[in-house]
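Colleague: What shape does this take:
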Amino acid sequence: MAEKSTTEMKATLGLTGLTMNAMALIAPGAFLWLTFVAQAGEGSTAPSMWIGILFATLLCLATAVCYAELAKLYPGTGSSYYFAEQSFLNHDKHWRYARLSKFIVGWASHLYYWIYPGVMVAVTGIFCGYVVGTLWPNAMSASNPGTLFMMVVAVVFAIGVSYIAHRGVTGSTAVSVAINVIQISALIVFAVMAIGYRINHPPGSVAFQFDSVSGEAYTYEFATTQTTANGQTTDTITRDANMVPQPKLDADGKPVPYKISYPTADDKGNFLSHPSARSVVGIHNVGWMFVQATVAILILVGFESVTAMGGEAKNAKRDVPIAVITSLLVQGCFCYLFEYFAANYFLNSGYTMQTATGSAAPIGDMMIVVGNALFGQGNGRTFMLIEAVTVFLALIGTTLSCINTGARVTYAMGKDQEVPEHFGMLHDKNLSPHRAIWALAVISCVIGCIALLVVFGDAGAASLNDAAIAALPHGLWSSVWFATSQARLAALPNTLTMIVLASNFGTFLLYMLSCIICIVAYQGHPNFSTVKHLLVPVFGVLANFVCMAFYIIGPFIGYGTKMEPFGAIGIAAVWAIYGGIYFTRASKATGRTTFVVSRAGRGA
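Modeller: Below is the predicted model of the structure:
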């Protein structure tokens, strides 16, 4: 394959292209669908979901200002990695630490950029499993898709998107533009329908209740019978041969209509729904807010991705800073806050937060309910499938964008020989960092499969019981590697949440370091601003640090679960130790010093 290490990237991106690339990574249409269940599964903290997203948005805005200000000083390829080198190298006092700082930032960024695509291909596997289960419920459960099936989808998806990235950034941008227009339009339609459903169904009115087995919503109460499995007696819904729940009949033999309510919690204290709009946006508990923010950061990252494309921007100093802020304001401040309000406001007795916790795609379930209410019984599924197409397009866009960004950071480190030199080569024809892209494709396949091993472990097992697990379709694609009892599932960590938190931990670490870099870069600079270059970065450092600290503190004070955050910290610790060993050995092998000895020579 033709390639050159000296070839430079071609400047083809204007303001629109840069902004759309960042917006594709933030992808509100995809993340509402995919991360609502992860946030719902964070134990008792679910009532603070919306406020947690707001706090994470403020944290990201502080960090975005730092990225924008750094991009004004140092336009180029490599994002935080490049900024770290330049800010220290151009500082009168700290220039000797330029190599060490850029390696620490670059290595830490890989904890985010190398894991994040794996998260995306994993959730794509879950998404496809949900759609297949909805269309063919006898072959696969929509709420609990088959592990092997999801893994195969994840691998195929990772390879396909990596091929698009390999073809070059121009084609990637065209895809991003189309996807953003489609997904934002679809998002607004669903959010309006969800809010309208709540407004038009006051307590006591006849409404729909969702059935996760058949993947459909009905306006009648379900008939039940008592069954015993493994010594546990439960009320089981009576179903016909097609798994359709049978209606409960009144004295006249007519179906009993289902009447909606908005209970706050069940008899065990589990959160069910919000009694009012004020409750949706309320704090409820500061600790809960921080726990939700540690998950919510996943849906907001991406605004910084355009700073890795400075080498492909026509006017990097002007356009990259604008694209950073604009992408976060449009997608994060408007789209996410609006759609998460709508989804949380929709919750009711017919579809509670506990139902959402046990589903592979709660937003898809909600779409079925509101679709039935607006378009008629049975048409909600069609509405959901149409919206699902837009989500799949958004998944392509966000995965493509994060692979492009991650590969370019690796490419920048490869050019500097801080990682193996072959990563610093561009394809001679496409001018894409193809070696880094394909390495990231393989890593994404591995991480995606690990994330899918136990998707419904730990708190996610609470909505299942042994009878429900036994009733899952049996077959190679639908039941291989799925635990046979609730106790086994509950004893295992939720691997998807653990991988998400590992990626998020890398994000908090990278964002905190980037805020520090901004302070260093503008210290003594003639354009120094107390607000933009000191107060905002300091807030960013503190907010990111607090969220990182909650990985350890939260579980010990009863917020969230323990296995997943501790597992994420373990992954980060292993990566840090390996980074130290690699840096030391690579420095000895190449004869390079840890500290820069010449500002012109940059580090030898």
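Colleague: Look at T234 and tell me its secondary structure.
Modeller: strand (DSSP: H, G, I helix; E, B strand; the rest coil).
Colleague: How many residues are close by it?
Modeller: As a burial measure, T234 scores 14 neighbours (other Cβ atoms under 10 Å). Bear in mind the C-beta positions are built from the backbone N, C-alpha and C, glycine included.
Colleague: now swap in I557 and tell me
Modeller: Residues lying near I557 (other Cβ under 10 Å) number 9.
Colleague: who are the neighbours in contact with it?
Modeller: Going by Cβ atoms under 8 Å, 6 or more residues apart in numbering, I557 touches G287.
Colleague: Dihedrals phi and psi, it?
Modeller: Backbone dihedrals for I557, given as degrees, to the nearest 10, come out at phi -110, psi 20.
Colleague: Against V306, how distant is D416?
Modeller: The spacing between D416 and V306, counted by Cβ to Cβ, to the nearest Å, is 21 Å.
Colleague: The two: which has the busier surroundings?
Modeller: Comparing D416 with V306 by neighbour count (other Cβ under 10 Å), the higher total belongs to V306, at 35 against 20.
Colleague: now the strands: where do they sit in the stretch 301-450 of the chain?
Modeller: 426-427 (DSSP state E, counting those that start in this stretch).
Colleague: Check the stretch 51-200 of the chain too.
Modeller: For the stretch 51-200 of the chain, strands defined by DSSP E, counting those that start in this stretch do not occur.
Colleague: In it, where is pLDDT below threshold?
Modeller: Regions of the stretch 51-200 of the chain meeting the criterion pLDDT under 70 cover residues 76-78, 168-177.
Colleague: Just give me the neighbour total for L34.
Modeller: Using other Cβ under 10 Å, L34 has 30 neighbouring residues.
Colleague: List the residues that contact it.
Modeller: Neighbour list for L34: 123, 126-127, 361, 391, 395 [criterion: Cβ under 8 Å, 6+ apart].
Colleague: quick check, nearest of the residues you listed to F508?
Modeller: V123 (20.1 Å; Cβ to Cβ).
Colleague: separation between that closest one and T398?
Modeller: Counting by Cβ to Cβ, the gap from V123 to T398 is 10 Å.
Colleague: contacting residues around L100?
Modeller: L100 neighbours (Cβ under 8 Å, 6+ apart): 594-595.
Colleague: end-to-end on stretch 346-365?
Modeller: Chord length of stretch 346-365, first to last residue, is 11 Å (Cα to Cα, to the nearest Å).
Colleague: likewise stretch 139-158?
Modeller: Stretch 139-158: ends 25 Å apart by Cα to Cα.
Colleague: what's the answer for stretch 215-227, then?
Modeller: 22 Å.
Colleague: how about it: buried residues?
Modeller: 215-222 (16 or more other Cβ atoms under 10 Å).
Colleague: ok, residues contacting it?
Modeller: With Cβ under 8 Å, 6+ apart as the test, stretch 215-227 has contacts from 133-134, 137, 142-143, 206-211, 233-238, 244-249, 255-258, 350-351, 365, 368-369, 372, 377-378, 380-381, 467.
Colleague: tell me, which helix in the chain spans the most residues?
Modeller: helix 380-415 (DSSP state H).
Colleague: ok so, going back, what's the PyMOL syntax to select whichever of the contacts of stretch 215-227 are buried?
Modeller: A single PyMOL command selects the buried members of these (16+ other Cβ under 10 Å):
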select buried, resi 133+134+137+142+143+207+208+209+210+211+236+237+244+245+246+247+248+255+258+350+351+365+368+369+372+380+381+467
